[in-house]
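Q: predicted model follows, preceded by the sequence.
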Amino acid sequence: MLSLIVRRIANSVFTLVLISVVVFAGLELMPGDACTAYLGREGKGAALDACRARMGLDASPAIRFGQWASSIMSGDLGISTQRDKPITEIVGWRLRNTLVLSAVAALVGIPLAVFLGIFAGLRHDGPFDLAASGVALVAMTIPEFVSASLLIMVFAVGLEWTAGVVTIGYKASLPEMAAAAVLPALVLSMILSAHIMRMVRASVIDVFKSDFVLMARLKGVPRQQIIWRHVVPNSLLPVISVIGLTIAWMLGGVVIVESIFNYPGLGRLAVDVVGDRDLPLVQAIALLFGITYVITNMVTDIVALMLNPRLRTYRA
Amino acid sequence: MMLLNIDRLSIAAAAQGAGASPVIDDTSLKIAEGEAIGIAGESGCGKSTLLLAMMGLVKDGLRRINGKVSFAGASLLDQNDSELEALRGGKLAMVPQNAGTALNPSMRIQDHINEALRLHTRFSAAERKWQTVELLRQVRIPDPERLAKRYPHQLSGGQLQRVAIAMALAGQPQVLLLDEPTSGLDVTTQQHIIELLSEIRSQRTMTVVCVSHDLSVLAQLCGKLAVMYAGRIVEFGETDKVLAEPSHPYVKALVEAVPRLSGVSLPQPIDGSPPGLSERRAGCSFLPRCTHGDPGCAESHPPLQRLRAGHFVACRYPMLTAAPKIFSPLPVIARLTAKEPVLQLENVTVSYSREIFPKWLARRQPSQPAISDLNLELMQGEILSLVGESGSGKSTVLRAISGVWPLSDGKIVCGGAANEMERRRVIQLIFQNPDSSLNPRHNVAEIIAQPLRLYFGMNDPDVRASTTDRLAEVGIGPNYLTRYPAELSGGERQRVAIARALAARPSILLCDEITSALDVSVQASILHLIRDLSRSQGVAVLFVTHNIAAAAALAHRIAVLHQGKLIEIGTTAEICNLPRTPYTKELVRVARASSF
């Protein structure tokens, strides 16, 4: 068990190294560099050379990758060219905000989805299932900019419970940010819970047909115990990986939702920095997205490993 | 008073109307306390549905139309959930068909047994813990304290079956219902489970009802035997009498379809196949396959009538005399005349683990090869049977010969194959389960056409002619060409798989347990087919099986594989009469013990 987890972590570290190489190489291959982007039309001749010397861009790519990698290891992501601030400071707050948004969406959406899925699956093709599955299908199909607009219309314009867009700065306190995240989180959780609910439902129906559930009935296990001891634990196993992917998707910055609500998260920042060609920042954000994906997937795998005895290797 | 009483029970598909042909059709059976009753029949005859009804359960999609099942006076199918929950796993306990899938994969062994104890006994938690280990010890689980903490996937098939038995015994049942308790297990493991069950029965007073397709299992476990066909009991009586003097034509044919070591000939097949649910009509269901019925048999179902003391049969013309066989036996196997080897395995070793690091660098011991140092020759026109239990390396041998898996050492010489493509053509593999070896989206014509196009580059008119010929060789008419595998019976599917192999005009047929997914009567007909093909076309056959009786009936020579090594090889007579190694002796002993 322990060796499996260690191996999984080692795999993740290897993947991260690969990602950093790809991110670095990707920007190297693009025409121009941080200085041409920064200087714009003046980016030629002596000014360009001076800029390159100042930012250390005149060294060979291998050396620059080494410097970049080692500074990342010590927690320094470099300096933004357009914003003249340490990247860690710019990104740090946005990352926190995206984490807040994802957490609110996940805490609302995932338990809701799991319970709805279980109940829909237990009485499949009944009225509750038909209603829940129908709503889920609609929630999945509506694009987020439509559902976001509808929510703004109802809760901000109609009921005036909350502001339609986020008006606080990106350094606002945690409770303020959490309150601001409610409406965008609602949009996100509509999409994610629809997916997860349908998955849980299908899985519950499947497990209910299995031999061991029939055997539990033949053992005289009461229905409630069959559901909670035999059906639910086994039907959640395949759902874990979907939950992991969903969380990774949210942490990767949900560009459209953040833009509509003017939410100061990573997704909106990514769009902005690509727009003004702030290349060091682009590099840092791309790496950050990679890291969140790898870490969420790793955590998902380890959770699955702990819950599913069949995934652990068998020692005779 | 009868302990279990099935009274004119009919169960049919819930979706169909009143005229639906029932899965269980007007069946009655009385079981007294302490009796052991076997219910035999081929797949689809309704035996498992009947067993579940004795647990008060009718599966989703089915419904009771008529009749009742009573246990100690209480009508099981009319009780509410909580009354049934108290009985199930308590006084009425069931051992499931396949313990591997019937145990919750994310629960430890001890939790399974503890759950049964918690629901049906008054033991405290500490007592239950002790009882769990005690029950596992009773079913002869080695090192019960340690194995109790394992998960189902960490146990072998035989151990899982023992756990399922322990789980059933936890509630101290009055009636133990067994659903195919030994199917899917190795022959020697099968025998151990049977011995365990007989032992348990001698220690406790328990009524046993056992369902099986395997008459030899029932002969060893049960004093009385009921044989079912198409939802009805066609013969019932004391097991010895029924098996020694089967009087219903179906039961008689079924008994003769079982391969046995003492027989000198192949087991006899029953022509045709059991009627599907939609094909059942008034009158005797066996009539279309019966050799001596008359039109009168089609008028109504013959009732189960007393033939003699303790022997009942549902037939208008029961066969009273024991001796005459319906079919004349085939002559004893002719000696093999050809001496030309078509396939030679020399010192073949196959290992599944790939060593990435050099041996001197790794501290890990290299894993045991799946087969090691195997020498084998297959003669032209010979049927060589490879016998062994699961994990003995049988399938690995076939993979190595067919070239699916590379050899670690040694070589395989295939006479007559000049290049790799030619080798793939002359060696054809037939798989165990035709359900998964035929492409479900291809019809029979397309399935047979594939090898014809691939190996011979035939054009369409030639393909059509050849396809019909190949199908005719396996006894399937041209009206099957447009059917899909799902529209065929198990036996027909296996015939199509054989025809596909024949289409390549092979000189070697590799048969991987090709009869083990089939009913006995169908198994017998496939054995006949293989024998005839080998004779008429001179094909050499390597017939892999776990059933030494089937091997003995078919093969010229038998090779015994044990833990990846060839431990014994000889003519069929030598192996069956004078086994030399302890393992072969055990195999032969078990086969003899289970013949009736």
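A: Arrived safely. Numbers count the residues shown, from 1 in each chain, chains lettered A, B, ... in the order given.

Q: isn't residue A:240 right up against residue A:306?
A: No: Residue A:240 is beyond contact range of residue A:306, at 10.0 Å (criterion: Cβ atoms under 8 Å). Yep, even glycine has a C-beta here, placed from its N, CA and C like the rest.

Q: which one's more surrounded, those two?
A: Taking neighbours as other Cβ atoms under 10 Å in any protein chain shown, residue A:240 and residue A:306 compare with residue A:240 leading, 17 against 13.

Q: which of the three states applies to whichever residue of the stretch 1-150 of chain A sits closest to chain B?
A: Using Cβ to the nearest Cβ, residue A:124 is the residue of the stretch 1-150 of chain A that sits closest to chain B, at 11.5 Å. Here residue A:124 is coil, with the state taken from DSSP: H, G, I helix; E, B strand; the rest coil.

Q: what does the one 5 residues further on give?
A: On the three-state scheme (three-state DSSP), residue A:129 is labelled helix.

Q: then residue B:233?
A: Going by three-state DSSP, the secondary structure assigned to residue B:233 is strand.

Q: list the contacts of residue 210.
A: All of this refers to chain A. Contacts were defined as Cβ atoms under 8 Å, 6 or more residues apart in numbering or on different chains; by that measure residue A:210 touches A:234, B:101.

Q: please refer instead to chain B.
A: Contacts of residue B:210 (Cβ under 8 Å, 6+ apart): B:36-39, B:177-178, B:181, B:217-218, B:221-222.

Q: cool, and residue B:174?
A: In this structure, residue B:174 makes contact with B:3, B:33, B:72, B:91-92, B:206-207, judged by Cβ under 8 Å, 6+ apart.

Q: change it to 7 Å
A: With Cβ atoms under 7 Å, 6 or more residues apart in numbering or on different chains as the criterion, the residues that contact residue B:174 are B:91, B:206-207.

Q: could you do residue A:204 as well?
A: Counting by Cβ under 7 Å, 6+ apart, residue A:204 has contacts A:117-118, A:121-122, A:231, A:235.

Q: got the residues of the stretch 101-250 of chain A near chain B?
A: With the criterion set to Cβ under 7 Å from any Cβ of the partner chain, the stretch 101-250 of chain A comes near chain B through A:210-212, A:215, A:217-223, A:230, A:233-234.

Q: okay, the residues you listed in CSV with pLDDT next?
A: Output for those, formatted as CSV (pLDDT from 0 to 100):
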residue, pLDDT
A:210, 93
A:211, 93
A:212, 95
A:215, 95
A:217, 94
A:218, 94
A:219, 94
A:220, 93
A:221, 94
A:222, 94
A:223, 92
A:230, 94
A:233, 92
A:234, 93
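
Q: which other helices and strands does the helix-or-strand element of chain A with minimal mean pLDDT contact?
A: Taking mean pLDDT, DSSP states H and E as the measure, the helix or strand of chain A with the lowest value is helix A:34-39, at a mean of 76. Using 3 or more Cβ pairs under 7 Å, 6 or more residues apart in numbering or on different chains; DSSP states H and E as the contact criterion, the secondary-structure elements in contact with helix A:34-39 are helix A:45-55, helix A:279-307.

Q: nearest to chain B, of those?
A: Chain B lies closest to helix A:279-307 among these, at 7.3 Å (Cβ to the nearest Cβ).

Q: and the contacts of residue B:210 as a markdown table, adding pLDDT and distance to residue B:76?
A: Formatted as a markdown table, the entries for the contacts of residue B:210 read as follows, by pLDDT from 0 to 100; distance: Cβ to Cβ, whole Å:
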| residue | pLDDT | distance to residue B:76 |
| --- | --- | --- |
| B:36 | 94 | 20 |
| B:37 | 96 | 17 |
| B:38 | 96 | 21 |
| B:39 | 96 | 17 |
| B:177 | 96 | 12 |
| B:178 | 95 | 18 |
| B:181 | 91 | 22 |
| B:217 | 90 | 26 |
| B:218 | 93 | 23 |
| B:221 | 93 | 23 |
| B:222 | 94 | 21 |
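
Q: out of the residues you listed, who's nearest residue B:136?
A: Relative to residue B:136, the closest of the contacts of residue B:210 is residue B:181; by Cβ to Cβ it sits at 17.2 Å.

Q: count the residues that sit near the closest one.
A: Counted with other Cβ under 10 Å, residues neighbouring residue B:181 total 27.

Q: ok, and the closest non-adjacent residue to it?
A: The shortest distance from residue B:181 to any residue other than its chain neighbours is 5.5 Å, reached at residue B:95 (Cβ to Cβ, 6 or more residues apart in numbering or on different chains).

Q: can you count the residues close to that neighbour?
A: 26.

Q: please apply the same query to residue B:418.
A: Taking other Cβ under 10 Å as the criterion, the count of residues near residue B:418 is 9.

Q: that one and residue B:441: what is the separation?
A: In this view, residue B:418 and residue B:441 are 34 Å apart by Cβ to Cβ, to the nearest Å.

Q: so which bits of the helix or strand residue B:145 falls within are buried?
A: Mapping residue B:145 onto the secondary structure by DSSP states H and E places it in helix B:144-147. Taking 16 or more other Cβ atoms under 10 Å in any protein chain shown as the basis for neighbour counts, the residues of helix B:144-147 that come out buried are B:144, B:147.

Q: residues making contact with whatever helix or strand comes next after it?
A: Moving toward the C-terminus from helix B:144-147, the first helix or strand encountered (DSSP H and E) is helix B:157-169. Outside helix B:157-169, the residues within contact range by Cβ under 7 Å, 6+ apart are B:93-96, B:99-100, B:102-103, B:109, B:112-113, B:116, B:135-136, B:138-141, B:152, B:155, B:176, B:181, B:184-185, B:189, B:192-193.

Q: so which of those belong to helices?
A: When the contacts of helix B:157-169 are checked against helices (DSSP state H), the matches are B:99-100, B:102, B:109, B:112-113, B:116, B:135-136, B:138, B:189, B:192-193.

Q: which one of those is nearest chain A?
A: The shortest gap between chain A and any of those belongs to residue B:102, at 4.1 Å (Cβ to the nearest Cβ).

Q: tell me, what residue is most central in chain B?
A: A centroid search over chain B (Cα atoms, centre = their mean) returns residue B:516, at 5.1 Å, as the residue closest to the centre.

Q: still on that earlier bit, leaving out the residues flanking it, which one is nearest to the residue of the stretch 1-150 of chain A closest to chain B?
A: Of all residues beyond its chain neighbours, the one nearest residue A:124 is residue A:205 (5.2 Å), with distances taken as Cβ to Cβ, 6+ apart.

Q: against chain B, how distant is that neighbour?
A: Noted for residue A:205: a distance of 12 Å to chain B, by Cβ to the nearest Cβ, to the nearest Å.

Q: what are the contacting residues of the helix or strand hosting residue B:5?
A: If you go by DSSP H and E, residue B:5 is part of strand B:4-13. Residues from elsewhere that reach strand B:4-13 (Cβ under 7 Å, 6+ apart): B:20, B:22-31, B:49, B:53-54, B:58, B:61-71, B:175.

Q: give the buried residues for stretch A:157-175.
A: A:163-164, A:166, A:170, A:172.
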